[in-house]
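**Q** from the sequence below, what's the structure:
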Amino acid sequence: MAKFNSQAVQDMPHLTLYGAQLASAAAIAKAQEIQVPEDIAIVDASQQLLHFQRMPKAKYASIDIAINKAFTAAGFGLPTHAYKENVSPGGPLFGINNSNGGRFMTIGGGLPIEIDGRVIGAIGCSTGTPDEDRQVAQAGVDAVLAHVKKENGS
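**A** You can find the predicted model right below:
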């Protein structure tokens, strides 16, 4: 595909299926290490689901939560845990969880995947505690970034 050089059109990097599979494999390995089965969702920069994995014994109710954590992290470019202080009653973002059809997640475990300051996708994990979910998601992010770094020889 040709690169665009125009003020009217912008090239937008997106996470690929291969990148999502790398993230998923690393997240699964981390979840196994900490002994917490996880639902793992990975979206591209457009917030659309690219890959999903439900580990045995992961909670069925956490499927949508994982997907929505990834959706939130990709769409807003921040980890879902970053909203904790602001979404409490009286906080400046109170009620934001009702936005986007109720898909906005403020529970830890959703992380954007960024390359050169641009969000290319995100990973959302759910079933464990917010801290466990975040650890598993971070392993996925780290795997993608390490692969890109290796490919670029840096």
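
**Q** which SS class is the closest residue to Asn86 other than its chain neighbours?
**A** Excluding the flanking residues, the one nearest Asn86 by C-beta to C-beta, 6 or more residues apart in numbering is Leu93, at 4.0 Å. (Glycine included, C-beta is placed from N, CA and C.) Under DSSP: H, G, I helix; E, B strand; the rest coil, Leu93 falls in the coil class.

**Q** what about Leu93, how many neighbours?
**A** Using other C-beta atoms under 10 Å, Leu93 is surrounded by 14 other residues.

**Q** show me the contacts for it.
**A** Listed by C-beta atoms under 8 Å, 6 or more residues apart in numbering, the contact partners of Leu93 are 83, 86-87.

**Q** and if we set it to 10 Å?
**A** Shown in contact with Leu93 (C-beta atoms under 10 Å, 6 or more residues apart in numbering): 83, 85-87, 99, 104, 106.

**Q** ok, now Gly102?
**A** Contact analysis of Gly102 by C-beta under 10 Å, 6+ apart lists 64, 68.

**Q** tell me how far it lies from Ile96.
**A** 11 Å (C-beta to C-beta, to the nearest Å).

**Q** in this protein, which spans are strands?
**A** Using DSSP state E, the strands found in the chain span residues 39-44, 49-54, 110-115, 118-126.

**Q** got the angle between the first one and strand 49-54?
**A** Calculated by axes from the mean of the first three to the mean of the last three C-alpha atoms, to 10 degrees, strand 39-44 forms an angle of 170 degrees with strand 49-54.

**Q** so what does strand 39-44 touch, helix or strand wise?
**A** If you count contacts as 3 or more C-beta pairs under 10 Å, 6 or more residues apart in numbering; DSSP states H and E, strand 39-44 packs onto helix 17-34, strand 49-54, helix 62-76, strand 110-115, strand 118-126, helix 130-151.
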